[in-house]
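Peer 1: sequence plus predicted model, see below.
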Amino acid sequence: MTKEKKNKPSKDLPLGFVDRQEKELLVRDFIISNIKEVMIKYGFQYLETPSFEYSDSIGKFLPDKERPDEGVFSFKDENKWLSLRYDLTAPLARYVAKNYLEIPKPFKRYQLGTVWRNEKPGPGRFREFLQFDADYVGTKSLQADAELCVMISEILEKCGLMKSEYTIKISSRKITEELFKKLNISDSQQKLTALRALDKIDRLGWDGVKELLGKGRKDKSGDFTKGANLKLEDIKTIEETLKKNSPETEDLVEILKTFKDYNFNNFEFDPTIIRGLEYYTGAIFEVNLKFDVTNNKGQVIQFGSIGGGGRYDNLVNNFGNYDAPATGISIGLDRLVYALMQKKEFKVKQSKPVVICVFDKNLMKDYINVQTILRKAGVSTEIYPGESKLKKQMEYADKIKSPAVILYGENEMKSGKLILRNLSSGEEKLIEIREIVNEIKKIIRSNN
RNA sequence: GCAGCAGUAGCUCAGUUGGUUAGAGCACUAGUUUGUGGAACUAGGGGUCGGUGGUUCGAAUCCACCCUGCUGUACCA
């Protein structure tokens, strides 16, 4: 507690950035290890690309020349604009274009990496987050699209989700494309607004979406959103068509057939999912959780999807002359962690260290000896860091949730024994040094 | 960006007809126990009441602007 407040650096974090603590990180590690296992089984190779790319590589629309910070974090290095990547797909397309001649076709890669978005964060959404991507590049085969969904489902179930707790929604860009053509809606602004409106159906329902397809809608806070201004009869046709719920486009028919071959049925055809607006060209998927997610005040929040993807046949071609149709899926790991931690009690398997209390610095050699025996046996152990009264040392051990402390002072040394105190039961035992490993393992076992 | 709500100790919050040195619980520190954690008791530290300006003899309290947070909405390549 210092009194000098002037010129102290801020303890606050920039908007949308957070510290992540062990409890969360261990769950994340658990998910990552499941991902890697599944990726190996499915034959994807591991890739890492840098955090920064040249700004014009990470998206063909951004950064805007006038406002290079819109949506992405950018800075000017010498004469070139660099940006932190906002996803892993654009860097993949760049990588494929750069290494096209060497890589296998099709190229199957997965990647785990932090991405950054310069946007307003929402519940469970940050400006820096970890993403997992798996992509197939260089194949038109729709089996790839289908397999990605099967694979994501396997990962989620390995992480402990039940079939009833998530679903993979699937649709195709071709549906809305054909619909707009049929209705003679060609104004690109109108199409864009209409697509965005349809994307919101899970939140607003058809009534809200119809308002947005028409004149516009006022939200709960009283804010007004302009609509697409479509004709009433067109809105009716759109609703009727999309409510039909039978996938008729060729690509979907084939993907659904493949799902059947895989015996995969935890998906829903949903023609109202839209995803990103520009680069998807065919099938699109979205991974949704089916249970409520709450914030730290216990309020249910609009959590949205935890991932999605789809087919993007033209992206690689943007970088050069290679035509590489592709399809991919990505998961926002931090959001999955957030949701999973609410759903499941995670036993944090990481065992906390046994604490060897220090009675006398001059006995350090003996303490190190015991510590070495335990560490060699694989038991997490530490000598109390510092010099404090025994009470402090016990409080420390309690605070870090240590399973046991070792009390080894002059009295014990005389008899060649030491005291092992079980911190959850409070029980103390006077034991020989050679018994220490077994006794501690017993305690740790009984705690699990 | 737009809208609504909110900002008092590390955390959760109390504190209006504006009035002496601004409160509680939890947490923290020390002690009761100089070789023993979790409970109890005692004592203590910690706040320019989000910031700036204004009204007033006097502002945590009223007004204006700004900042920050939450929620919704927009955007999310």
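Peer 2: Right, received. Where do you want to start?

Peer 1: all helices of the stretch 251-400 of chain A, in order?
Peer 2: Chain-ordered helices for the stretch 251-400 of chain A, with DSSP state H, counting those that start in this stretch as the definition, fall at A:333-343, A:364-376, A:390-399.

Peer 1: touching RNA strand B at all, the second one?
Peer 2: When you say that, I think you mean helix A:364-376. No - Helix A:364-376 stays clear of RNA strand B (CB under 7 Å from any atom of the strand), getting no nearer than 12.6 Å. Just so you know, the C-beta spots here come from the backbone N, C-alpha and C atoms, and that holds for glycine as well.

Peer 1: which other residues reach that helix?
Peer 2: Taking contacts as CB atoms under 8 Å, 6 or more residues apart in numbering, the residues outside helix A:364-376 that touch it are A:354, A:356, A:358, A:381-383, A:406, A:408, A:413, A:418, A:433, A:436-437, A:440.

Peer 1: buried ones in stretch A:172-181?
Peer 2: The neighbour-count check on stretch A:172-181 (16 or more other CB atoms under 10 Å) flags A:S172, A:R173, A:K174, A:I175, A:T176, A:L179, A:F180 as buried.

Peer 1: which parts of the stretch 151-300 of chain A are strands?
Peer 2: Assigned strands in the stretch 151-300 of chain A, in chain order: A:166-172, A:216-218, A:224-226, A:267-269, A:283-289 (criterion: DSSP state E, counting those that start in this stretch).

Peer 1: in CSV, list these along with mean pLDDT and distance to A:Y136.
Peer 2: Listed next are these as CSV, based on pLDDT from 0 to 100; distance: least, CB to CB, whole Å:
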stretch, mean pLDDT, distance to A:Y136
strand A:166-172, 93, 16
strand A:216-218, 83, 38
strand A:224-226, 81, 37
strand A:267-269, 93, 18
strand A:283-289, 92, 12
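
Peer 1: mind checking the ones you listed for the one nearest to A:D56?
Peer 2: The closest approach between A:D56 and any of the strands of the stretch 151-300 of chain A, judged by CB to CB, belongs to strand A:283-289 at 25.7 Å.

Peer 1: neighbouring strands - and their directions - for the closest one?
Peer 2: Applying DSSP bridges to the sheet, strand A:283-289 is found paired with strand A:166-172 (antiparallel), strand A:307-311 (antiparallel).

Peer 1: quickly compare those strands and say which is most buried.
Peer 2: Mean neighbour count, computed with mean count of other CB atoms under 10 Å, is highest for strand A:307-311 among the strands paired with strand A:283-289, reaching a mean of 25.

Peer 1: tell me the secondary structure for A:G113?
Peer 2: A:G113 carries the three-state label strand when classified by DSSP: H, G, I helix; E, B strand; the rest coil.

Peer 1: how far away is the residue of the stretch 151-300 of chain A found nearest RNA strand B from A:F285?
Peer 2: Scanning the stretch 151-300 of chain A for the residue nearest RNA strand B gives A:G276, at 2.6 Å (criterion: CB to the nearest atom of the strand). As defined by CB to CB, to the nearest Å, A:G276 lies at a distance of 12 Å from A:F285.

Peer 1: between these two, which is the more surrounded one?
Peer 2: Set A:G276 next to A:F285 and count neighbours by other CB atoms under 10 Å: A:F285 wins out with 28 against 14.

Peer 1: surely that one touches A:S172?
Peer 2: No - using CB atoms under 8 Å, A:F285 makes no contact with A:S172, being 10.0 Å away.

Peer 1: which residues of the stretch 101-250 of chain A lie near RNA strand B?
Peer 2: Taking CB under 7 Å from any atom of the strand as the criterion, the contact residues of the stretch 101-250 of chain A with RNA strand B come out as A:117-123, A:193, A:196, A:200, A:203-204, A:212, A:219-223, A:225.

Peer 1: which one of the strands of the stretch 151-300 of chain A lies nearest to A:L101?
Peer 2: Scanning these with CB to CB as the criterion, the closest one proves to be strand A:283-289, at 28.2 Å.

Peer 1: next one: the closest one to chain centre, how far?
Peer 2: Between the mean C-alpha location of strand A:283-289 and the chain-wide mean there is a distance of 14 Å, by CA atoms, centre = their mean, to the nearest Å.

Peer 1: now do stretch A:209-229
Peer 2: With CA atoms, centre = their mean, you get 31 Å for stretch A:209-229.

Peer 1: contact partners of it?
Peer 2: If you take CB under 8 Å, 6+ apart as the criterion, stretch A:209-229 is touched by A:190, A:193-194, A:196-198, A:200-201, A:204, A:208, A:230, A:232, A:235, A:238-239, A:272.

Peer 1: sort out which of those residues are buried, if you could.
Peer 2: The neighbour count (16+ other CB under 10 Å) marks A:190, A:193-194, A:197-198, A:200-201, A:204, A:208, A:230, A:235, A:238-239, A:272 as buried among the contacts of stretch A:209-229.
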